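Enquirer: turn this into a model:
(2 chains)
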There are 2 protein chains.
Amino acid sequence: LHDAFVSVHNANVSVRQRGFRFGDGVFETVRVHNGLPYQWDLHVKRLRTSLSAVKIAFDLSGLQDICRQLLLTNTVKQGFLRISISRGEGSRGYLPDIKNGPLLVIETVDATPDITEPVDLYLSSLRKIPNECIPSAAKTMQGLNSTLARMEAAENNCFEALLLSVNGKICEGSSSNIFWVKNKIVYTPDVKSGILCGTMRDAVIRLSPYKIVQDEFDLTDLQTADEVFITNSAWVIVPIKSLKPQGWNWKNFDIAAEIKQLIMEDMNRHAA
Amino acid sequence: LHDAFVSVHNANVSVRQRGFRFGDGVFETVRVHNGLPYQWDLHVKRLRTSLSAVKIAFDLSGLQDICRQLLLTNTVKQGFLRISISRGEGSRGYLPDIKNGPLLVIETVDATPDITEPVDLYLSSLRKIPNECIPSAAKTMQGLNSTLARMEAAENNCFEALLLSVNGKICEGSSSNIFWVKNKIVYTPDVKSGILCGTMRDAVIRLSPYKIVQDEFDLTDLQTADEVFITNSAWVIVPIKSLKPQGWNWKNFDIAAEIKQLIMEDMNRHAA
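Expert: Numbers count the residues shown, from 1 in each chain, chains lettered A, B, ... in the order given. Okay, here's the model as predicted:
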């Protein structure tokens, strides 16, 4: 692992770092609650999956200690750890020819305000990158698909974008997983739909008092849902009030609120 | 435009630069011959297309002057200009919230040795990212698909990877466009196949004395080709001697050599 704690103004990487050249790396955004990373083991497990999927060899054994130190140094109580690993420095072209092995960058980021009101979702004109192009199980630095989808949502006054898979199945948000409820059963796209399994998605599945069904779903399955909500490590759970431009609306937010409460209690327990 | 000429050891970007966070940017690799950029106007045109496709607003009017200055400063006669533009600095998540506007980075890179022998191609297990996920016309920093394909080719002792589109049509190499010849007609995938139109591909089309047919093609169309070759700004033209693991072989390289010669003469004329 690397060896410098620096202020953000001095936290620089070479222009030849492959993360900058090609987005050639992986990352994690870990929620920090009462000074402790939430669901740390899940994040490390996914980081290992990501590294393996993109063939970056990197020993994660010292990671937890460094993150602890950084949280203490920066006195972070509520916020995020952003951990990224770039393949290394060197090579103008795609074939890696690395002089300095993988580069680990860990940042702490301030907490974002809690989103308390239901938001609008925008059906993106872009489709999610399929697993046959970039391994879907890896959380990579290839963020342009999500960026363009989120920008399009914002231009249409929506908080988040919903992306379908190239086969037209419901996939995920630009930065979130999606769930919906029908007759007290909770539905969410499965791995075959091409999703990245978010850690807050895992928390919902682990803590939901309602039955969870994971499968491939058509967009029209949303139309008849009683409620819809999205999840990620920053937003926890955010209820959806409409899908644009479809004009589908939802007015029930109770189950989303109930499961969010269960996750917040879980967070408090683990940070007690 | 930005304002510093720095040695490569001081050429750093913030870890918060979106190019590093998300590969959120575009680039060009321009061949420099006798101190002059080859097909400059084509590169600038494509850079404009790329910027527009990913919604980065950036004025390119001063670019040529800066590149000229840099080539003089670094006394580059043969080599490359690598021009990249990252969306800017700021925002932990996908939605851009930029403090410092787009960042332009221009590097000069040494010439690579001319590839004089025919090479092996490996049919990638990955498919090219389709236009409905990331605009194919944009040369973006999303290089992981190409990187993984090229690594797989290298692991199989092949020089370059060939990627099909998600519909199974011939698309392009990890870093190159592909051509093949049958009865003195030259074939190459068209824009509908999801290719990035390389500038050396343009040179082939402009200078070929043989008829060029651009269309969508099945992989089996390669099997009966008389010759196969690939193009990019660094390699110009490289003849292909086999496709693995198919085990298809080609033994004719004359038309590739003839067109390469025409391109080298064109380069000499323009840099005279």
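
Enquirer: what's near enough to touch the residue in the stretch 101-250 of chain A that chain B sits nearest to?
Expert: Closest to chain B within the stretch 101-250 of chain A is residue A:143: 2.7 Å, counting by CB to the nearest CB. (C-beta placed from N, C-alpha, C; glycine too.) Shown in contact with residue A:143 (CB atoms under 8 Å, 6 or more residues apart in numbering or on different chains): A:23, B:18, B:21-24, B:94.

Enquirer: Throw the residues you listed into JSON lines and include distance to residue A:161 and pLDDT, thanks.
Expert: Shown next, in JSON lines, are these (distance: CB to CB, whole Å; pLDDT from 0 to 100):
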{"residue": "A:23", "distance to residue A:161": "19", "pLDDT": "98"}
{"residue": "B:18", "distance to residue A:161": "17", "pLDDT": "97"}
{"residue": "B:21", "distance to residue A:161": "18", "pLDDT": "97"}
{"residue": "B:22", "distance to residue A:161": "15", "pLDDT": "97"}
{"residue": "B:23", "distance to residue A:161": "18", "pLDDT": "98"}
{"residue": "B:24", "distance to residue A:161": "15", "pLDDT": "98"}
{"residue": "B:94", "distance to residue A:161": "9", "pLDDT": "96"}
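
Enquirer: what's the closest non-adjacent residue to the residue of chain A most remote from its centre?
Expert: Distance from the C-alpha centroid of chain A peaks at residue A:99, with 30.4 Å (CA atoms, centre = their mean). Nearest residue to residue A:99 in three dimensions, chain neighbours excluded: residue A:90, at 4.3 Å (CB to CB, 6 or more residues apart in numbering or on different chains).

Enquirer: so the one you found sits against residue A:97, correct?
Expert: Yes. The pair residue A:90 / residue A:97 is scored as a contact, 5.4 Å apart, by CB atoms under 8 Å.

Enquirer: ok, the two, which is more surrounded?
Expert: residue A:90 (15 against 9; other CB atoms under 10 Å in any protein chain shown).

Enquirer: how near is the more buried one to residue A:153?
Expert: According to CB to CB, to the nearest Å, residue A:90 and residue A:153 sit 37 Å apart.

Enquirer: how about residue A:38?
Expert: Separation of residue A:38 from residue A:153 (CB to CB): 26 Å.

Enquirer: just want to know which of these two has more residues nearby.
Expert: Taking neighbours as other CB under 10 Å, residue A:38 and residue A:153 compare with residue A:153 leading, 25 against 22.

Enquirer: give me the element that one is part of.
Expert: Assigned by DSSP states H and E, residue A:153 belongs to helix A:144-155.

Enquirer: and if you look at residue A:92?
Expert: Using DSSP H and E, residue A:92 falls within no helix or strand.

Enquirer: give me the nearest residue to it, chain neighbours excluded.
Expert: residue B:109 (5.1 Å).

Enquirer: re earlier: not counting its own residues, what contacts the helix holding residue A:153?
Expert: With CB under 8 Å, 6+ apart as the test, helix A:144-155 has contacts from A:23, A:121-122, A:124-126, A:128-129, A:159-161, A:163, A:174-175, B:18, B:22-24, B:54-55, B:87, B:93-96, B:133-134, B:140-142.

Enquirer: need the strands for the stretch 51-200 of chain A, in chain order.
Expert: For the stretch 51-200 of chain A, applying DSSP state E, counting those that start in this stretch gives strands covering A:79-86, A:103-110, A:119-127, A:160-164, A:170-173, A:177-182, A:185-189.

Enquirer: adding mean neighbour count and mean pLDDT, write the ones you listed out as a markdown table.
Expert: Shown next, in a markdown table, are these (neighbours: other CB atoms under 10 Å in any protein chain shown; pLDDT from 0 to 100):
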| stretch | mean neighbour count | mean pLDDT |
| --- | --- | --- |
| strand A:79-86 | 22 | 97 |
| strand A:103-110 | 18 | 94 |
| strand A:119-127 | 20 | 98 |
| strand A:160-164 | 25 | 98 |
| strand A:170-173 | 27 | 98 |
| strand A:177-182 | 22 | 98 |
| strand A:185-189 | 20 | 98 |
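
Enquirer: can I get these in TSV with distance to residue B:194?
Expert: What follows is those, written out as TSV (distance: least, CB to CB, whole Å):
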stretch	distance to residue B:194
strand A:79-86	27
strand A:103-110	32
strand A:119-127	13
strand A:160-164	18
strand A:170-173	20
strand A:177-182	27
strand A:185-189	25
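
Enquirer: before we move on, back to that, my read: the residue nearest to residue A:92 touches residue B:80, true?
Expert: Yes. Counting by CB under 8 Å, residue B:109 touches residue B:80, with 4.3 Å between them.

Enquirer: got the CA positions of stretch A:87-107 in CSV?
Expert: Taking Å, rounded to 0.1, in the frame of the first residue of the first chain, the C-alpha atoms of stretch A:87-107 are listed here in CSV:
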residue,chain,number,x,y,z
ARG,A,87,-4.0,0.2,-12.7
GLY,A,88,-0.8,2.2,-12.5
GLU,A,89,1.4,4.6,-14.4
GLY,A,90,2.7,4.2,-18.0
SER,A,91,1.8,3.1,-21.5
ARG,A,92,0.3,5.5,-24.0
GLY,A,93,-1.9,2.9,-25.5
TYR,A,94,-4.4,0.4,-24.1
LEU,A,95,-2.0,-2.5,-23.4
PRO,A,96,-0.7,-1.9,-19.9
ASP,A,97,3.0,-1.4,-19.6
ILE,A,98,3.2,-0.3,-16.0
LYS,A,99,6.2,1.3,-14.3
ASN,A,100,4.6,2.0,-10.9
GLY,A,101,2.1,-0.7,-9.9
PRO,A,102,-1.5,-0.1,-8.9
LEU,A,103,-2.1,3.3,-7.2
LEU,A,104,-4.4,3.4,-4.2
VAL,A,105,-6.2,6.7,-3.5
ILE,A,106,-8.4,7.1,-0.4
GLU,A,107,-10.3,10.3,0.3
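
Enquirer: please see if stretch A:231-245 touches chain B.
Expert: Yes. Contact of stretch A:231-245 with chain B (CB under 8 Å from any CB of the partner chain) involves residue A:234.

Enquirer: close to chain B: what parts of the stretch 151-272 of chain A are there?
Expert: The interface of the stretch 151-272 of chain A toward chain B, taken as CB under 8 Å from any CB, is made up of A:151, A:154, A:166, A:174-175, A:234.

Enquirer: what's the farthest-apart pair in those?
Expert: Spatial extent of these (CB to CB) is set by the pair A:166 and A:234 at 27.1 Å.
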